[in-house]
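[1] Below are the sequence and a predicted model for it; my questions follow.
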Amino acid sequence: MLDAEEKNYGYALLSRLSAAGLESVKPATLYPALARLEEEGAVEIEWGAGEGGPGRKYYRITDKGRERLRRDSTAWHDLNSTVASLLEDRAGGKS
């Protein structure tokens, strides 16, 4: 999601994940993941004004993060293809 936009804050990311069918992702999962990505240099944090409330922590993907995203996307695609192939073999009666 961060690759598709300039920056966003945690609650908005949770809302988008939920709208995409991943409502089981909770703040206790998302925020530590974002902190680890920041430690890796994959995302950077910027504090900004909140809408009628306290400031917000905005997250932005970095070039290093985009590189990781490409690498992880390729690995995910490869895994998905392998699992799909194994399931097709099983459905076809092969062991």
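    Here it is on my side, so go on. Numbering: from 1, shown residues only.

[2] Residue 60 should be in a helix, yeah?
    No - counting by DSSP: H, G, I helix; E, B strand; the rest coil, one finds residue 60 to be strand, located in no helix.

[3] Tell me how many other residues crowd the residue lying closest to it once chain neighbours are set aside.
    In space, and not counting its chain neighbours, residue 60 is closest to residue 7: 4.1 Å by Cβ to Cβ, 6 or more residues apart in numbering. For glycine as for every other residue, the C-beta is placed from the backbone atoms N, C-alpha and C. As a burial measure, residue 7 scores 16 neighbours (other Cβ atoms under 10 Å).

[4] pLDDT score assigned to residue 7?
    Residue 7 carries a pLDDT value of 93.

[5] The biggest helix by length in the chain packs against which elements?
    Assignment by DSSP state H gives helix 63-91 as the longest helix of the chain. Helix 63-91 sits against helix 27-40, with contacts defined as 3 or more Cβ pairs under 8 Å, 6 or more residues apart in numbering; DSSP states H and E.

[6] in the helix it packs on, what counts as buried?
    For helix 27-40, the neighbour count (16 or more other Cβ atoms under 10 Å) marks 30, 34, 37-38 as buried.

[7] could these go into CSV alongside pLDDT and distance to residue 12?
    Below are the buried residues of helix 27-40 laid out as CSV (pLDDT from 0 to 100; distance: Cβ to Cβ, whole Å):
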residue, pLDDT, distance to residue 12
30, 97, 11
34, 97, 12
37, 97, 16
38, 97, 17
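
[8] Could you work out the most separated pair of these?
    Pairwise distances across the buried residues of helix 27-40 (Cβ to Cβ) peak at 12.5 Å, for the pair 30 and 38.

[9] residues near residue 65, how many?
    Neighbours of residue 65 under the rule other Cβ under 10 Å: 20.

[10] Could you do the one 4 residues further on as well?
    Other residues within reach of residue 69, judged by other Cβ under 10 Å, total 14.

[11] and it, how far is that from residue 4?
    Separation of residue 69 from residue 4 (Cβ to Cβ, to the nearest Å) stands at 11 Å.

[12] try residue 49
    Distance from residue 49 to residue 4, by Cβ to Cβ: 23 Å.
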